[in-house]
Structures are given as structure tokens and as C-alpha cells.
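>>> build me a model:
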Amino acid sequence: MASLWRAVMGESPPNADDYDGVQYWSNPERTGWLTKQGEYIKTWRRRWFVLKQGKLFWFKESIVTRGSRPRGVIPVATCLTVKGAEDVLNKQFAFELSTRSETMYFIADSEKEKEDWINSIGRSIVQLSRSVTDNEIVDYDSNR
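Residues are numbered from 1 along each chain as shown. Model (predicted):
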């Protein structure tokens, strides 16, 4: 029953396979508090976010250790855009992260924090898309 309640409340922790052994507790690319809109019930909750190796994790607490379990994870490779969203939400310092199937909304504590998160996530999206396209390059001249 507790797991059903967590799922309904948008608090269902991710499967360990979702984070592919990423050591989110050690040397992250970016960390900080963001307010995130819930997936199922659209309430706003303040969470500690960690960006590392193409994954955006969130936690209830800012002290993240090897034993910490993320409340959620977004594989940045699935994201198409990250951009400001003040006009969409009518909230200051808001930004959105979009995949093919959904758009997630976040609110930073300042304009600088918002821009830093957008830049960090955007850089990660570009790096991941570059690694995918580099592997897909076909040299047609070598097939002759």
C-alpha cells in the first residue's frame, strides 16, 4: 500500500537501472535546490538536484551519499530542449525541460541559478547528442 501511495504522490523512487552505476554522490557537474512540479499531482516541491554523466537526479535532502536513493532521475539524452518558462508558468526564474513525450517545469532561486541550470543541462544535451551522432556517422566513400 505504501508503494502505491508513493506512486500516486509522484514519490516513486527510480529503479537502480535508471542510473547505470553513476556515482551521483561524487564530483557532480552541478548541484542545487530547485522547485519541481510533481509528475502526477501538480504540486510544487523543493528538491536537491544533481547533474552527473547525462543524468539529472533529485533528492529530498542536500546531503547526498553513497547510501542516498534518488527520488527521481531524468536521462538528459531523452531531452530535446531546455529553456526559460516564466511566460508559460507566470513564475519568476522558471524553466522547462522537454522530451518527446512530456515537459517538466522547474523554478530556480535566482535568475543566475536559472541560467546556470539551463546552460549546464543544455551542454549535457549537446554532448550526449554529439556522442550519438558520432557513432552513427557512415563513411560512404569507404564502401566503394
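>>> quick one: the helices in the chain?
2-8, 86-89, 111-136 (DSSP state H).
>>> so how far is the last one from its chain's centroid?
Think helix 111-136. How far helix 111-136 lies from its chain's middle: 11 Å, per CA atoms, centre = their mean, to the nearest Å.
>>> what residues of that helix count as buried?
Neighbour-count burial for helix 111-136 flags 113-114, 117-118, 120-122, 124-125, 128 (criterion: 16 or more other CB atoms under 10 Å). For the C-beta atoms, the positions are set from N, CA and C on the backbone; glycine is no exception.
>>> of all these, which two lie farthest apart?
Largest separation among the buried residues of helix 111-136 by CB to CB: 113 and 128, giving 22.6 Å.
>>> skipping adjacent residues, who's closest to the spatially most central residue of the chain in space?
The centroid of the chain falls nearest to residue 56 when counting by CA atoms, centre = their mean (3.2 Å). Excluding the flanking residues, the one nearest residue 56 by CB to CB, 6 or more residues apart in numbering is residue 74, at 4.3 Å.
>>> can you give me the neighbour number for residue 108?
Using other CB atoms under 10 Å, residue 108 has 21 neighbouring residues.
>>> alright, that wraps it up for me.
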